[in-house]
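>>> Give me the fold of what follows.
(chains A and B)
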Amino acid sequence: MSSSHTQVIDHAHSGEIDSHHDEHHDHKPQGFLDRWLFTTNHKDIGTLYLVFSLIMFLVGGSMAMVIRAELFMPGLQLVEPDFYNQMTTMHALIMVFGAVMPAWVGFANWMIPMMIGAPDMALPRMNNWSFWILPFAFTMLLSTLFMESGGPAAGWTLYPPLSLQGGQSFAFVVFAVHMMGISSIMGSINVIATILNMRAPGMTLLRMPLFVWTWLITAFLLIAVMPVLAGAVTMLLTDHFFGTSFFNAAGGGDPVMFQHIFWFFGHPEVYIMILPAFGVVSEIIPTFARKPLFGYAAMVYATASIAFLSFIVWAHHMFTVGMPLAGQLFFMYATMLIAVPTGVKVFNWVSTMWQGSMTFETPMLFAIGFVVLFTIGGLSGLMLAIASVDLQYHDTYFVVAHFHYVLVPGSVFALMAGTYYWLPKWTGHMYSERWGKIHFWLSTISVNVLFFPQHYLGLAGMPRRIPDYSVQFADFNMISSIGGFVFGASQLIFVGIIIHCVYKSRVKASARVWEGAKGLEWILSSPPPYHSFNTPPPINRNTVAHADEYAH
Amino acid sequence: MPIDRPNMNADQKAELKQRRSRVMVTAWILAAVAVAIFATFILSGVMADK
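Here you go, the predicted model:
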C-alpha cells in the first residue's frame, strides 16, 4: 500500500463516479506505532486481523503436526498423553478463536466499508480496541503451556468434571476466553452499526453484496452466543476456584447442564465460522462465471434461515447423554432441516456456474473446491444428525472427519479464496497465479488424503482424542498423517505467495482486478486510497454487485 | 462515525448529526443485549444452584 494520491475509479468500467474528493485523503500516519498501534483506519485494522490470524493459523497448524506425528504409528511415539491432550485442546481453541474468527473479522474490516460505500467502520476507536485485545488474550492462553499445571487438556468444549481437574492455569484459560468474547462482541457491534447506518444512499439492504449480508447475520449470531460462552466459563471458574457447584454433581450441580449451555453457544459458533465463507464464495463464483448470482434474495433468506435453525439444534451434539425420545426426535429433525437452506445455496452456486463463461483462476478454484468438499462435510453432518446411528458415530474419528471437512476445505478454503480474490485489491499487486494453482492442487489433494480416511477410522470404531490406538487402525492413520504433513507444508507456499505479492511482485493490479467483478470495491483503485468514499458513491447497475432487480 | 464533508449545508449537518446518534443508539442497544444475555445465564445458574 505504498502509492499516494491514487485514483479512485476505473473510468472505463464505472461511468460517472465523482472521484476528486478521495484523492486528497490519502494521509497515512507516519510513525510505526501511530500507523499500527493507534490506528482507527478500517483497512489497517483489517490487515492487523489478517496478519494475526495467519500467525495463529501457523501456531495451531504446528500443533496439528504434533498430533498427526504422534498418530503416525500405533504406540506412544513423541509426546506424553497429557501433553497430547493439551495439543488437541489448544489446536482447536487457537484455530476457532485465533485463526478462523479473526480472519473473518479482518475480511469484514477491509471489505464491508468499501462494499457499502462507507468511509470507515462506524466506531473506529472501538475497532482498534477489538483487535488489540486479541494478542493479549492469546499470549495468555498460550502461556499456560509453560505453567506447572500445563495448558487446558479437556478438549475445546471444556466439559466438567474433566476441565475442573486442571490446575491453576485454568483461570488464565477462562480469562483468555472472556477477552476473546469481548473482542468478538465489540467487533460485531461495529459491523452491525456500520451496515445499518453507514450505507451509501441507494444501497438498500437487498442491494448489498452477499458477503455483507452474511456478515450482518453472523454479527447477530455472535452477539447472541458469545455472552452464553462467557457465562458458562464464568460458572466453571467459580466451580473451580470459589467452591460453587453449578456443574459439580457432588454439590448438587449438573455437568450435563454445562453441555447444554456450551452447545447453545457452540452450534451457532459453527455457523459463525461458515456463513462469511458462504458470502465470499457467493462473490467469487459470479465473477468467474461471468453471470449474475442465481437467486440473490433466496441466498439472503437461506442465510437467515440457517442462522435461525442454528439456535434450535444444539442437543444433536449430546444424543449420548440420555435424552427423552421426543427431544431426540426434535433435535434430529431440526438438524436435518438445515440441509434445506444449505441445499438452496449449493444449488444456487451451481446454477450460477451453469452455462457461464467460466475461467479457473486461483480464487475460483478454491471456491469450487469449497462447494464440492463442504458438501461432503454437510452430508456427513446429516448422517450424524440421525439420533439412532449417532450412538455409533459419537466421539469417533467420523466426527473429526466431518467437522474438519466443514472447517478446512470449508471455512479455510473460503478464506484462501477470498485472500486470492482481494489480495490484488489490498496490495495493488498481482500474486503469482502459477504458485496459487500449485497451492490449490497440493492443498486439495492433501486435505482429502488427510481427512477422508478418518471417516473409515471412525466407522471402524477409533475414538477421538487418544494418543495411541489399536494396530487395526494403523494404515489409515499413516495415510492421514502423510496427508497432514503435505497439507501443512503446502500452507508455507501460501505464506510465500502473500509475502511475494506484498513486497516483491512487480505486476500492478488494475482497479477492477477481475474482468467479471462487480461491486463498489472494484471502482476504487488498487490499492484503494487510505481513506475511501468520503463522498458517497452513486449506486446503480454498474456499482451494485448483486441484486435481483439488476440480474437481467 | 459518519464524517464531516467540506461545505455541508444545514440540512446535511442535521442529517449527519442524526446518523451519528443512530450509530450510538444501535451500538448501545446491542451492548445492552449482550450484557443481558450474559446476566441471564449467570443468574439462572445462581438460581439453580440454590
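
>>> quick one, what contacts the closest residue to residue A:291 other than its chain neighbours?
Of all residues not flanking residue A:291 in the chain, residue A:356 sits nearest, at 4.4 Å (Cβ to Cβ, 6 or more residues apart in numbering or on different chains). For every residue, glycine as well, the C-beta is placed using N, CA and C. Residues near residue A:356 by Cβ atoms under 8 Å, 6 or more residues apart in numbering or on different chains: A:288-291.

>>> One more: residue A:316?
A:267, A:331-332, A:335, A:384-385, A:387, A:390.

>>> Could you pull out the buried residues of stretch A:486-505?
Residues of stretch A:486-505 classed as buried: A:486-488, A:490-491, A:493-494, A:497-498, A:501-502, A:505 (neighbour count, 16 or more other Cβ atoms under 10 Å in any protein chain shown).

>>> Distance from stretch A:113-128 to the middle of the chain?
Its chain's C-alpha centre and that of stretch A:113-128 lie 20 Å apart, by Cα atoms, centre = their mean, to the nearest Å.

>>> in that stretch, what's buried?
Residues of stretch A:113-128 classed as buried: A:113-124, A:126-128 (neighbour count, 16+ other Cβ under 10 Å).

>>> For that stretch, give the mean pLDDT please.
Averaged across stretch A:113-128, the pLDDT comes to 95.

>>> Please export the C-alpha coordinates of it as PDB.
What follows is stretch A:113-128 as a C-alpha-only set of coordinates in PDB (Å, rounded to 0.1, in the frame of the first residue of the first chain):
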ATOM      1  CA  PRO A 113     -17.000  -0.300   4.300                       C
ATOM      2  CA  MET A 114     -15.800  -0.500   0.700                       C
ATOM      3  CA  MET A 115     -18.700  -2.700  -0.300                       C
ATOM      4  CA  ILE A 116     -21.400  -0.500   1.100                       C
ATOM      5  CA  GLY A 117     -19.800   2.800   0.100                       C
ATOM      6  CA  ALA A 118     -18.900   3.900   3.700                       C
ATOM      7  CA  PRO A 119     -15.700   5.900   4.600                       C
ATOM      8  CA  ASP A 120     -14.900   3.600   7.500                       C
ATOM      9  CA  MET A 121     -16.400   1.400  10.200                       C
ATOM     10  CA  ALA A 122     -19.000   3.200  12.400                       C
ATOM     11  CA  LEU A 123     -16.900   3.000  15.600                       C
ATOM     12  CA  PRO A 124     -13.200   3.200  14.600                       C
ATOM     13  CA  ARG A 125     -11.700   3.500  18.100                       C
ATOM     14  CA  MET A 126     -13.600   0.500  19.400                       C
ATOM     15  CA  ASN A 127     -12.400  -1.200  16.300                       C
ATOM     16  CA  ASN A 128      -8.800  -0.700  17.300                       C
END
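
>>> Only the buried subset of the contacts of residue A:316, as a ChimeraX command please.
To isolate the buried members of these in ChimeraX, using 16+ other Cβ under 10 Å:
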select /A:267,331,332,335,384,385,387,390
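
>>> Residue B:13: which of the contacts of residue A:316 is nearest?
Using Cβ to Cβ, residue A:267 comes nearest to residue B:13 of the contacts of residue A:316, at 46.3 Å.

>>> Okay, that closest one and residue A:497: tell me how far apart.
34 Å (Cβ to Cβ, to the nearest Å).

>>> And for residue A:225?
Separation of residue A:225 from residue A:497 (Cβ to Cβ) stands at 34 Å.

>>> Next: residue A:97.
Relative to residue A:497, residue A:97 is positioned 26 Å away (Cβ to Cβ).

>>> For chain B, state which of the contacts of residue A:316 is nearest.
Ranked by distance to chain B (Cβ to the nearest Cβ), the contacts of residue A:316 are led by residue A:267 at 15.7 Å.

>>> which residues does that closest one contact?
Neighbours of residue A:267 in contact, by Cβ under 8 Å, 6+ apart: A:310-311, A:313-314, A:316-317.

>>> if we go to 6 Å?
Contacts were defined as Cβ atoms under 6 Å, 6 or more residues apart in numbering or on different chains; by that measure residue A:267 touches A:310, A:313-314.

>>> helix or strand for it, which one?
Element membership for residue A:267 (DSSP states H and E) is helix A:255-289.

>>> Report the buried residues of that helix.
Applying a neighbour-count criterion of 16+ other Cβ under 10 Å, one finds A:255-259, A:261-289 buried in helix A:255-289.

>>> Please enumerate the helices of chain B.
Here chain B has its helices, by DSSP state H, at B:10-49.

>>> In the helix or strand where residue A:86 lies, which residues are buried?
Element membership for residue A:86 (DSSP H and E) is helix A:81-93. Neighbour-count burial for helix A:81-93, counted by 16+ other Cβ under 10 Å, picks out A:83-93.

>>> what's the burial count for residue A:344?
Neighbourhood size, residue A:344 [other Cβ atoms under 10 Å in any protein chain shown]: 18.

>>> go on, residue A:28?
Applying other Cβ under 10 Å, we find 15 residues neighbouring residue A:28.

>>> got a list of what the closest residue to residue A:113 other than its chain neighbours touches?
Distances taken as Cβ to Cβ, 6+ apart place residue A:42 nearest to residue A:113, at 5.1 Å, with adjacent residues excluded. Residue A:42 sits next to A:109, A:113, A:120-121 when contact means Cβ under 6 Å, 6+ apart.
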